[in-house]
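1. Predicted model and sequence below, questions to follow.
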Amino acid sequence: MDKLFYPELSYTITGICFSVHNLLGRYSREKQYGDAIESKFKEASIPYERERRIDKHGNIADFVIDSKILLELKAKQIVLKSDYYQVQRYLQSSGLRLGILVNFHRRYLVPKRVLLIETEYKRRFI
């Protein structure tokens, strides 16, 4: 199975995240990173929805880009396994298959891809 969904768009998104990280550094708040990413999306004419409600429980994703990719932003010391599960739950609720989890607090930015893989017996993330 091809593990790379929407390669051009996902590389553009990660490039924008890197440029925002270089611009703001690692000690800003999630809202500041979100505002900077939003302005970069507008400059690049990338269709997006910010703070989109994902399910009936009131969960809100930071960004849904072009109705294809979910982008979840963090600005904390450590990204926990529960953060990955959060993105996976958002993917399951929204019907999207690719999520990108970005923690801006790290010295070196390492965006993580979370894929929703439907199998006959289980769902997992890579």
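-> Thanks, I have it. Numbers count the residues shown, from 1 in each chain.
2. which other helices and strands contact the helix or strand harbouring V114?
-> Assessed by DSSP states H and E, V114 sits inside strand 112-115. When contacts are defined as 3 or more CB pairs under 8 Å, 6 or more residues apart in numbering; DSSP states H and E, strand 112-115 sits against helix 81-94, strand 98-103. Backbone N, C-alpha and C define where each C-beta goes, glycine included.
3. So what's the gap between the shortest one and the chain middle?
-> In this case it means strand 98-103. 3 Å (CA atoms, centre = their mean, to the nearest Å).
4. How about the first one?
-> Taking CA atoms, centre = their mean, one finds helix 81-94 lying 10 Å from the centre of the chain it belongs to.
5. Please export the C-alpha coordinates of it as CSV.
-> Extracted as CSV, the C-alpha positions of helix 81-94 are listed here (Å, rounded to 0.1, in the frame of the first residue of the first chain):
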residue,chain,number,x,y,z
LYS,A,81,1.4,9.0,22.8
SER,A,82,-2.0,10.4,23.7
ASP,A,83,-1.3,13.3,21.2
TYR,A,84,-0.9,10.7,18.4
TYR,A,85,-4.1,9.0,19.5
GLN,A,86,-5.9,12.4,19.5
VAL,A,87,-4.9,12.9,15.8
GLN,A,88,-6.0,9.3,15.0
ARG,A,89,-9.4,9.9,16.6
TYR,A,90,-9.8,13.2,14.7
LEU,A,91,-9.0,11.3,11.5
GLN,A,92,-11.5,8.6,12.3
SER,A,93,-14.2,11.2,13.1
SER,A,94,-13.6,13.4,10.1
